[in-house]
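# curious how this folds, go ahead:
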Amino acid sequence: MDLNYEKINLHDYITSDTKNSFEGHNFPAHSVIYKEGEHPSGIFFITDGLVGLTYQSKNGAESLLRIFTSQSFLGHRSLFSNEPYHATATTLHETRALFIPKEKAMEMLLSNKELMVAFIKLLSRDLKNSEIRFRDMIGKRVESRVIEALFYLKKRHPDYVWTRREIGEFCGAKTETVSRVLTKLEKEGHIIKEGRKVHFRDEEKFLNLFSDNNEES
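Predicted coordinates for the structure are as follows:
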């Protein structure tokens, strides 16, 4: 699983006057920023917070597709492709974001080649990470996926208490399976559980653990 968290920092490409013209929004925890099927009218830049991108299948099963943290753009792919949102963006806890209207976003890109190149790199990384995740979903056994998902999500945002359901949605495992794997990891001394919180006893050894699991797959 790719642990490269490189982002585009909006403040590197715009003046303070330009930034002040964007709309600031405060979203409480569990707020919907946009819904699957809606048409984008701009893009969001998260200044602080945590947002989950989820997809609901026809049978009602929900999948956690991606996590967006501070200094991340949100909704850009749908805007640039001129397509409806393919998933729903929901805040996992209180989030602050700037909204950049479509016209302003396109103006910024067309007038700033460095920003355009940065977005091309961002979209390329997104595609690569999606392909890697799809490969992992079909090529690795479920225990390996749970271990990697736990490490990835906790490294991505260590202060958020990830639920068993969220971990399972992210790696394509049932909640009961996640609970079973966590119990096993605790008994083997790899993690410490404090209620819903999970801590790594030794991060380096934990990294070696999912490397060993991948070799066995």
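
# how much space separates residue 153 from residue 69?
Shown here: residue 153 relative to residue 69, a distance of 11 Å by Cβ to Cβ, to the nearest Å. Bear in mind the C-beta positions are built from the backbone N, C-alpha and C, glycine included.

# got a list of what the residue most central in space within the chain touches?
Most central residue of the chain, judged by C-alpha distance to the mean C-alpha position with Cα atoms, centre = their mean, is residue 67 at 1.4 Å. Residue 67 makes contact with 50, 51, 52, 53, 92, 153, 156, 157, 170 under the criterion Cβ atoms under 8 Å, 6 or more residues apart in numbering.

# for the first one, give the beta-bridge partners.
Put plainly, it is residue 50. On the basis of DSSP bridges, residue 50 is bridged to residue 69, residue 93.

# run a quick neighbour tally on it.
20 (other Cβ atoms under 10 Å).

# and residue 203, by the same measure?
Residue 203: 12 neighbours (other Cβ under 10 Å).

# where does the chain dip in pLDDT?
Low-confidence segments of the chain (pLDDT under 70): 1-8, 15-19, 61, 132-140, 207, 209-217.

# which residues of it fall in strands?
Taking DSSP state E as the test, the strands found in the chain are 23-27, 32-34, 42-56, 62-69, 72-74, 88-101, 191-194, 197-200.

# in CSV, list those along with distance to residue 117.
Output for the strands of the chain, formatted as CSV (distance: least, Cβ to Cβ, whole Å):
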stretch, distance to residue 117
strand 23-27, 26
strand 32-34, 26
strand 42-56, 17
strand 62-69, 21
strand 72-74, 15
strand 88-101, 18
strand 191-194, 41
strand 197-200, 37
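
# between these, which gets nearest to residue 11?
strand 42-56 (9.3 Å; Cβ to Cβ).

# for that closest one, packing partners?
strand 62-69, strand 72-74, helix 76-81, strand 88-101, helix 102-111 (3 or more Cβ pairs under 8 Å, 6 or more residues apart in numbering; DSSP states H and E).
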